[in-house]
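Peer 1: Predicted model follows, preceded by the sequence.
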Amino acid sequence: MYIAKLIRQAKKPVLLFFIFMGLGSTASFAYENNGLTKKALKPFKHLSKESATCASCHRNEHRSIYQQWGRSKHFGANVGCYECHKADASDPDAIRHKGFQIAVIVSPKDCAQCHSTEVEQFSKSHHAKAAEILGSLDNVLAEVVEGAMVFHGQSPVAVNGCWQCHGSKVKVLPNGDLDPTTWPNTGIGRINPDGSKGACTACHQRHEFSMKQARRPESCGKCHLGPDHPQKEIYEESKHGINFYANVDRMNLESAKWVAGEDYDAAPTCATCHMSATIELPITHDVGDRISWTLRPAISQKIDAKAIKMGKEVKPWLSRRNDMKTVCSSCHSSKMIENFYEQFDSLVNLYNNKFAKPGASIMAALKEEKMITKVPFDEAIEWTWFFLWHHEGRRARHGAAMQAPDYVQWHGMYEVAHRFYIEMVPEIKEIIEKAEKKGNHKGAERVRKLLDEILNRDEHKWFLGKMDKKTAAKRKAARTNFNKRYIQE
Amino acid sequence: MYIAKLIRQAKKPVLLFFIFMGLGSTASFAYENNGLTKKALKPFKHLSKESATCASCHRNEHRSIYQQWGRSKHFGANVGCYECHKADASDPDAIRHKGFQIAVIVSPKDCAQCHSTEVEQFSKSHHAKAAEILGSLDNVLAEVVEGAMVFHGQSPVAVNGCWQCHGSKVKVLPNGDLDPTTWPNTGIGRINPDGSKGACTACHQRHEFSMKQARRPESCGKCHLGPDHPQKEIYEESKHGINFYANVDRMNLESAKWVAGEDYDAAPTCATCHMSATIELPITHDVGDRISWTLRPAISQKIDAKAIKMGKEVKPWLSRRNDMKTVCSSCHSSKMIENFYEQFDSLVNLYNNKFAKPGASIMAALKEEKMITKVPFDEAIEWTWFFLWHHEGRRARHGAAMQAPDYVQWHGMYEVAHRFYIEMVPEIKEIIEKAEKKGNHKGAERVRKLLDEILNRDEHKWFLGKMDKKTAAKRKAARTNFNKRYIQE
Amino acid sequence: MYIAKLIRQAKKPVLLFFIFMGLGSTASFAYENNGLTKKALKPFKHLSKESATCASCHRNEHRSIYQQWGRSKHFGANVGCYECHKADASDPDAIRHKGFQIAVIVSPKDCAQCHSTEVEQFSKSHHAKAAEILGSLDNVLAEVVEGAMVFHGQSPVAVNGCWQCHGSKVKVLPNGDLDPTTWPNTGIGRINPDGSKGACTACHQRHEFSMKQARRPESCGKCHLGPDHPQKEIYEESKHGINFYANVDRMNLESAKWVAGEDYDAAPTCATCHMSATIELPITHDVGDRISWTLRPAISQKIDAKAIKMGKEVKPWLSRRNDMKTVCSSCHSSKMIENFYEQFDSLVNLYNNKFAKPGASIMAALKEEKMITKVPFDEAIEWTWFFLWHHEGRRARHGAAMQAPDYVQWHGMYEVAHRFYIEMVPEIKEIIEKAEKKGNHKGAERVRKLLDEILNRDEHKWFLGKMDKKTAAKRKAARTNFNKRYIQE
């Protein structure tokens, strides 16, 4: 069946012909050259002759790779070096190596020879488009603000930073080597020489490709950690993470079938909720498939909002959420799940309404009124705002999504509030003053009014000392009461 | 014996009657309805009929919960769903479910049916009062500064943040459902519908309640991590943590009896030092029982200081410390322990005297002289001071308590010093200047004098360039000497 | 053989004589006193009589230490308490204990009785000199800025912070006790009473000294973590760390011979790359042996640069790098390794040229022109610059060295750029202005020119709004194109 699949999906039938038929007669193959080689090939009788030839050298040259592969399912299925690394002479990154036409990079197109369903799912995902961020704001950061185009025309910050998660556009040098600015790279949205997008090794690490490894939270932590998207740290604080680390030996991580509630029940990993099979759902390699909010942008949106705006049809956010709920229901009652989503939504909406929308509207006004330059990141307020939504605001939202209270509060909303009231508001006032001095009265007036309107809203007026008397009295009573109870007890 | 205990402690004798006697005759029970149900009950003969009935559905509905329970000691002791979830009709959160009177929340009162000693110990602890923080300063942060009362009259920041660690006051809606602002919640000081305080599941995660899980550091890390109380991170840096992760397979974490030095000796976890039994001490669920300092407030105090001030009798700090020392002595000599406590105390005292007391005295003066408003957190200096003691100062103190040098220094005192000299001092000066301009000469004068007096103290005068000549010369010599040695070697 | 080695290396032959010969006759030994003691000694027949005597008490007094030792290789080799803790009467820290002359501290000199090669390698390493930092800048931080000399004449910050990693200079009190300011301490460069440098227990934790523990990343994380040198966190994000945690059961960590590619191949730990044997390299206890850059100082240098400048001969950086490459080649092709080093170097050079050298030149000019005081850390810009290179710049460089993209970017270069443009540049301008006002026109002019020259460089001029038109147009086109692709897809 594997072989049938190989033939069915083969893009390179001529080469496959050699694999199955041309064994004794193709004098061009290196492995025919002498008796010594033949002896070296003996332990690899089950492999294609090409892979056997590869292995006979590489088991000495790169022992660890050889051993990792030796533990893989690939080995058991007679999938050797050549089955994955073979190339057409017309492939942009094809090289001749010991008489074979091969490519260093194994792309999703190559993996799709056998794993077509997975590659198809992945290709539709947001992950597959991660390298397209190249033209976005983040790239200005890496190429202009933090870096410079000094490494063969690229920025070392992009090469060592951004692209290692997002993926590079791999470039083949005239001599067939891979351009060091673009490789090594296992960014999840890597644009490969064959035009395919993605790097399966972003998650399935070479050369064992073990499910156990891919299903662990650390795999996602290759990118999903740090000040701006600390999903791994959040998971570790959550009860899900606590149970995982306490029960890792019961997680059955090596089982091919890995259905929550059937094959394991001690804890979910990232994969469980976002990708893996449940009793009701199939496995998916589109990690957004069960996500209802996008918490990435400054103002959170339902995940299908942009598509709807553009008239495109995608899986609606509610269907995604309903799918996620079936995952939750392996361990939780429907009432608990409903209540959880109410709690989570409330935090996202609060963040959106109290800080994100007001902040965004002021930033837009400042730009429109030319009160800040067109150049991004040359003024303090641009960084202030970026820290607020891109770092702190995300931490709070992700913390609520995955139930890590310290990320909601101390790593999150506490920092957001400090950034807004103590940094952003004074900076806005300073900019207004400056504009006034420069004669931009219209701009100054517009932003002053806007800020004034925002700070006089119910949720902000405390900052102006305008908390209404009833609330103030109630709060004072609560505190007095607390002090009495707490201190006397 | 278990059953005897159940009867002895039962608060709901009528229901217990049904458990033991009323099996065949109580027509109201759902499990009598048909032969199918009877067959479903067969594997659960050892359970009460009520629990058997629950299990016969839930094993399909919530497989993971069912399996987790199946691995628990509860299962082995014939303690099923009903034994914990049963309720009186008069219980505020009692609901009818398939003919049974049950409650979703299992409170410490319920757990105390069998685990009365543990609940009693816990009830006396600081942990049990964690929800009372609701009226405190932190709540102003969540409800006013960071959040707003927009989620059914509560702040989403409190709901998703504070309360998930401290505990909510669980509210039952008129229809019997639990209010989504207050549940799901497993905060350690949760105020339950039955009036009891606490959530045993804060640490003993459902539905396995495994000791292995509760004894691991990750359990405490559900709340004790992050910028303001990074105990988990500190433990991970310490030699205790290093040995734990290297020897987790030798920790004997599943043993019922778990006496340090008898049942394991490779490393201590949080539980070892703060709760578990040693050769000399019994287990306790009052986590403060062996703690001599409270490092929580701005100015650290001996843990019994407040009680003494209020004329209450509590376990003296020295007894607590002596108990902790017996834990240490499983692995350390008495001289090492003595010296450790000298080191630890020295850091706490330094922090108190050099930064905390001076900072607190200035903040108090600013408030008394009306140089800052009454509104908390509307001025930069209030945040500065809060960051200093609540975040950075705690990190340094906790780092010294548990021996993580990077938390003492880079995460701790380095940040404290920067906050004090580079942020707080200039902010104080600016406030003095403003007060002067506004005509508050008395206030300005008082704070100027106070700041002056502080900065001229021995430990601060370096900042004014007033280091005494002898010290300066000695320091210069030391550095010259160092540079010679270090660079020439 | 072990015994032969002991004799060969013994510095204390008189004591060794007792171990091998003087068993029945030395009436001064406590173990002769009664029959009870004799019985207690029975299980320890294989040990020296001295160690047997120690053990007969300590197995009750300090059970965990006794058990840890019982699992160690030392136990198997009949190396007991006395073999390590014995002392000459002339040793500065020798004490009489139950009739024996012993020392609490076991120094590298003691360990060298058997492990002379390791101690010799270690003694040449940078690690061994870690306590010499005492006279350096960091010490001013701990002793003056953050702390004060209030703990028996030392700073609690140094005692609990710096020295716990770097090592204290252990002081023996007149009564023979160890000074609590200097012990407990297991800093890697500890200066011991016998004059030797180092603490083997910094990495090989007492009293099991297990290889499994020392080889794990947590061991290095005792010091190599935190905001200024987060190597442990970086490792955890890297693919190396991901594979380690997924495959820890296959790491063969307890094997005496531990050759990458022979004894394990799933992942490298810190030890693998920096210390352990490969097929081509022997094990080394000089952790700098394979390191080509020093990323510690403000401006990174090749690791042999300082030595060359001083006319000393050391292993050249290129040899070190070549050795490291042989480690890499266990799992990676030579082309991948070459490309990796190009990527890594590019980031270090970018950081050096764009931020570190300019920053350092301005700081030097400010000092020379007396525009900042001589007192370190009394002005904001000194902290700003220190944060830039010591914290953020190191994070970026270490992130590139060990392939953790989030440390290069969000924890690293993003923070560096923010610190430089938004904090340091305005602070420089303010200092220039102040100098001008004070009449220091020469200084003001010099620094103004320097800053001007720096900001007009190709890599900085974007900040002045001077990006050249061609680049600006190209960038705009890229973004337009991106927006089209990304949003429409």
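Peer 2: Everything's here; your move. Numbering: from 1, shown residues only, chains lettered A, B, ... in the order given.
Peer 1: Buried ones in the top helix by length along chain A, by neighbour count?
Peer 2: Identified as the longest helix of chain A according to DSSP state H is helix A:469-488. The neighbour-count check on helix A:469-488 (16 or more other Cβ atoms under 10 Å in any protein chain shown) flags A:472, A:475, A:478, A:482 as buried. Where you see a C-beta, it was placed from the backbone N, CA and C, and this is true even at glycine.
Peer 1: can those residues go into a markdown table with extra columns for distance to chain C and pLDDT?
Peer 2: A markdown table is the format used below for these (distance: Cβ to the nearest Cβ, whole Å; pLDDT from 0 to 100):
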| residue | distance to chain C | pLDDT |
| --- | --- | --- |
| A:Ala472 | 37 | 87 |
| A:Arg475 | 36 | 85 |
| A:Ala478 | 38 | 77 |
| A:Phe482 | 34 | 70 |
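Peer 1: chain center to the longest helix of chain A, what's the gap?
Peer 2: A distance of 45 Å separates the centroid of the chain from that of helix A:469-488, by Cα atoms, centre = their mean, to the nearest Å.
Peer 1: before we move on, what about stretch A:282-294?
Peer 2: Mean-position distance between stretch A:282-294 and its chain equals 12 Å (Cα atoms, centre = their mean).
Peer 1: average pLDDT across that stretch?
Peer 2: Mean pLDDT, stretch A:282-294: 97.
Peer 1: which other residues reach that stretch?
Peer 2: A:118-119, A:121-122, A:124-127, A:273-277, A:300-303, A:305, A:315, A:317-318, A:320-321, A:323-324, A:327, A:348, A:397, A:401 (Cβ atoms under 8 Å, 6 or more residues apart in numbering or on different chains).
Peer 1: Report the contact partners of A:Gln213.
Peer 2: Neighbour list for A:Gln213: A:204-205, A:219, C:242-243, C:246-247 [criterion: Cβ under 8 Å, 6+ apart].
Peer 1: Pull the contacting residues for A:Met149.
Peer 2: Contacts of A:Met149 (Cβ under 8 Å, 6+ apart): A:143, A:155.
Peer 1: Let me know the distance separating it from C:Asn483.
Peer 2: Counting by Cβ to Cβ, to the nearest Å, the gap from A:Met149 to C:Asn483 is 21 Å.
Peer 1: Output the lowest mean pLDDT helix or strand found in chain A.
Peer 2: Of all helical and strand segments in chain A, the minimum by mean pLDDT, DSSP states H and E falls on helix A:13-20, at a mean of 39.
Peer 1: thinking again about what came up before, take the contacts of stretch A:282-294 and, keeping just the buried ones, write it as a PyMOL select command.
Peer 2: Written as a PyMOL command, the selection of buried residues from those, which uses 16+ other Cβ under 10 Å, is:
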select buried, chain A and resi 118+119+121+122+124+125+127+273+274+275+276+277+300+301+302+303+315+317+320+321+323+324+327+348+397+401
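Peer 1: Which ones among the contacts of stretch A:282-294 map onto strands?
Peer 2: Among these, DSSP state E puts A:301-302 in strands.
Peer 1: which bits of the stretch 301-450 of chain A sit near chain C?
Peer 2: With Cβ under 8 Å from any Cβ of the partner chain as the criterion, the stretch 301-450 of chain A meets chain C at residues A:306, A:310, A:373, A:375, A:377-378, A:380, A:383, A:391.
Peer 1: By pLDDT, give me the weakest of those.
Peer 2: Ranked by pLDDT, those bottom out at A:Met310, which scores 88.
Peer 1: neighbours around it, how many?
Peer 2: 11 (other Cβ atoms under 10 Å in any protein chain shown).
Peer 1: Could you measure from it over to A:Asp304?
Peer 2: When A:Met310 is compared with A:Asp304 (using Cβ to Cβ), they lie 10 Å apart.
Peer 1: repeat for A:Leu318
Peer 2: The value you get for A:Leu318 to A:Asp304, if Cβ to Cβ is used, is 9 Å.
Peer 1: follow-up on the earlier one: with respect to chain B, which of the buried residues of helix A:469-488 is nearest?
Peer 2: Set against chain B, the nearest of the buried residues of helix A:469-488 by Cβ to the nearest Cβ is A:Phe482 (2.6 Å).
Peer 1: My guess is the closest one contacts B:Glu132. True?
Peer 2: Yes - using Cβ atoms under 8 Å, A:Phe482 is in contact with B:Glu132, at 6.6 Å.
Peer 1: Overlap of the contact sets of these two?
Peer 2: With Cβ under 8 Å, 6+ apart applied, the contact sets of A:Phe482 and B:Glu132 do not overlap.
Peer 1: close enough to count as contact, A:Ala380 and A:Pro426?
Peer 2: No - look at A:Ala380 against A:Pro426 with Cβ under 8 Å: they stay out of range, at 10.2 Å.
Peer 1: More neighbours: which of the two?
Peer 2: Set A:Ala380 next to A:Pro426 and count neighbours by other Cβ under 10 Å: A:Ala380 wins out with 19 against 13.
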